[in-house]
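Visitor: got a predicted model here, sequence first, then my questions.
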Amino acid sequence: MDYDAINAYDLTYCEIRQQRESGHDVGQAEQRLAALAPDDRSALLELFDEVAASPPLPGWAYDEPSALEDIVVTLPPSIPAAADRVEERIHGGWLGRVAGCMVGKPLERGWTAAQTGEYLCSVGAYPLRDYVPCVDPPTADLHWTWPETTRGRIDGGARDDDIDYAILGLMLQERYGPALSTADVAEAWLSYLPFRQTYTAERVAYRNLVAGVPLDAVARVRNPYREWIGAQIRADIFGWTHPGDPRAAALASYTDARLSHMGNGIYGEMWATALVAAAFVAPSAQDIVRGSLAHIPPRSRLAAAISSVVRVHDEGGRWDDAVDLISSDLGHYLWVHVIPNAAILAAGLLWGGDDFGTTVGLTVQAGWDTDSNGATAGSVMGVLLGAGALPAHLVEPLHDTVRSAVFGCERSSISELARRTAALVT
């Protein structure tokens, strides 16, 4: 399944799962779906709309608003802190994001931790602390980008949407700054991003924008991917430009997240933004993770998932225990849903020992959405440590270069992107 924005079967299948996972009564929707022809678009979309309107079940334990004012009232007060070495830390964030994305890219197959570990063991790279090695031809079904994202073959950062949104976000911050609106984000997507280089919720939003859906409904209309990881990968620019102020960063990121996501999908971007902003001033990655929970609704499934991983850590558990818990408790989510991936990211940060390679390696070898999680782990650790502390074996193959699908930014200098970002910080 491609999780497409157009294919009616994909949309309906995922909407049934989304509604069930968010506490709605979907009745016999799976059986009805199985009885439909995969190309019967009219009947499939009729079922989609019926499932989308399904009533909530009584006794739902979570409170997951999507409106900003409803989110804000759930959050405790937050006090910003002054950051130092801002330019070097931003540079570290950019380098870390690109490197972490590249570490995870060959394994972006929706594999479990066991499957990822099996492959890494087969090539002598477990535990993972470097780029993923590969023989030619590969001995496993690696991502199709393996010829440019595996160890010894890397010549600059490969194009990836996890990097595209950081670059586009920088362009938007340079143009609009704090006045950025969701309409500005929408216009930039249509102007600078090719439709086929967007995925899941972002492609649905793009589809809805082209179809003339009102802006406030773009994230809602026939969008079963509204709580997936897409918004979380767009978070970094808001954290980099709000060093030491995770609350302001999280609130600023809402303007971006609401275009394509709802509920936990929005919280994912707010949470990742808070991680990055806090990394400028926190003493450790463990402190970053614990503090980040103050910036998302406490009665959300995302907060519950992250809290469960923190609890394993605080009770003396191992990283493997956390991964097993994620698999057992969150394995019902599809591999690109924000909730299990955020839990995987939290585990990497908590058990990574404030070491860049270990943190990114643990995050990626846990499976799920490996390039997205590796990119965010790399950004957080890059900010925490600064560019000068990042391992040469991960930085040097990038050659200070990253490619992108963003129009006009096909090949960019990472250090120049960092310099431009630092110039935005007042």
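Guide: Thanks, I have the structure now.
Visitor: hey, let's count contacts and neighbours off CA atoms from now on
Guide: Will do.
Visitor: and the strands in the stretch 51-200 of the chain?
Guide: Counting by DSSP state E, counting those that start in this stretch, the stretch 51-200 of the chain has no strands at all.
Visitor: and the helices in it?
Guide: 68-72, 86-104, 113-122, 146-149, 161-176, 182-192, 200-210 (DSSP state H, counting those that start in this stretch).
Visitor: out of those helices, which is closest to residue 130?
Guide: Closest approach to residue 130 among the helices of the stretch 51-200 of the chain is made by helix 86-104 (7.0 Å; Cα to Cα).
Visitor: ok so, going back, and the helices of the stretch 51-200 of the chain, which is most packed in?
Guide: Most buried of those by mean neighbour count (mean count of other Cα atoms under 10 Å) is helix 86-104; its value is a mean of 29.
Visitor: that one versus helix 161-176: what angle between them?
Guide: Orientation of helix 86-104 against helix 161-176 (axes from the mean of the first three to the mean of the last three Cα atoms, to 10 degrees) gives an angle of 150 degrees.
Visitor: how far is helix 86-104 from where the chain is centred?
Guide: Relative to its parent chain, helix 86-104 has a centroid offset of 15 Å by Cα atoms, centre = their mean, to the nearest Å.
Visitor: one more: stretch 85-105?
Guide: Worked out by Cα atoms, centre = their mean, stretch 85-105 lies 15 Å from the chain centre.
Visitor: kindly report the same for stretch 113-126.
Guide: Averaging C-alpha positions (Cα atoms, centre = their mean) puts stretch 113-126 23 Å from its chain's average.
Visitor: neighbouring contacts of that stretch?
Guide: 107, 127-128, 132-134, 140, 323, 365-368 (Cα atoms under 8 Å, 6 or more residues apart in numbering).
Visitor: cool, stretch 196-210 as well?
Guide: Defining contact as Cα under 8 Å, 6+ apart, one finds that stretch 196-210 is touched by 3-6, 161, 186, 189-190, 195, 215, 218-219, 221-226, 228, 230, 259-261, 405.
Visitor: just the ones of those residues in strands?
Guide: Among the contacts of stretch 196-210, no member is found in strands (DSSP state E).
Visitor: kindly state the pLDDT recorded for residue 211?
Guide: Residue 211 is assigned a pLDDT of 98 by the prediction.
Visitor: still on that earlier bit, quick one: least confident of the contacts of stretch 113-126?
Guide: residue 140 (92).
Visitor: so who does it touch?
Guide: Counted by Cα under 8 Å, 6+ apart, residue 140 has contacts residue 119.
Visitor: residue 132 too?
Guide: 103-104, 106, 120, 125, 149-151.
Visitor: quick revisit: quick one, which of the contacts of stretch 196-210 are buried?
Guide: Buried members of the contacts of stretch 196-210, scored by 16 or more other Cα atoms under 10 Å, are 3-5, 161, 186, 189, 215, 218-219, 221-226, 228, 230, 259-261, 405.
Visitor: so residue 335 makes contact with residue 368?
Guide: Yes. With contact defined as Cα atoms under 8 Å, residue 335 and residue 368 form a contacting pair (5.1 Å).
Visitor: those two: which is more packed in?
Guide: The neighbour comparison of residue 335 against residue 368 (other Cα atoms under 10 Å) goes to residue 368, with 27 against 22.
Visitor: for that one, give me its contacts.
Guide: 108-113, 335-336, 340-341.
Visitor: tell me the SS of it?
Guide: Judged by DSSP: H, G, I helix; E, B strand; the rest coil, the three-state class of residue 368 is coil.
Visitor: so it versus residue 119, what's the distance?
Guide: Noted for residue 368: a distance of 14 Å to residue 119, by Cα to Cα, to the nearest Å.
Visitor: also residue 294?
Guide: According to Cα to Cα, residue 294 and residue 119 sit 37 Å apart.
Visitor: and for residue 384?
Guide: Residue 384 is 30 Å from residue 119, by Cα to Cα.
Visitor: coming back round to it: which of the contacts of stretch 113-126 sit farthest apart?
Guide: 134 and 323 (24.7 Å).
Visitor: run the chain-centre distance for stretch 141-152.
Guide: 21 Å.
Visitor: swap that for stretch 299-310, please
Guide: Centroid separation for stretch 299-310 versus its chain: 16 Å, with Cα atoms, centre = their mean.
Visitor: over to stretch 298-318?
Guide: On Cα atoms, centre = their mean, the centre of stretch 298-318 falls 18 Å from the chain's centre.
Visitor: thought residue 130 was touching residue 393, still the case?
Guide: Yes. Using Cα under 8 Å, residue 393 is in contact with residue 130, at 7.3 Å.
Visitor: who's more crowded, these two?
Guide: Of the pair residue 393 and residue 130, residue 130 is the one with more neighbours under other Cα under 10 Å, namely 21 against 13.
Visitor: what domains does the record give for the chain?
Guide: Here the domain assignment for the chain is 8-52, 68-104+158-422, based on automatic domain parsing.
Visitor: determine which stretch of those domains is the most buried.
Guide: Mean neighbour count (mean count of other Cα under 10 Å) peaks for domain 68-104+158-422 among these, with a mean of 22.
Visitor: that concludes my questions; thank you for your assistance.
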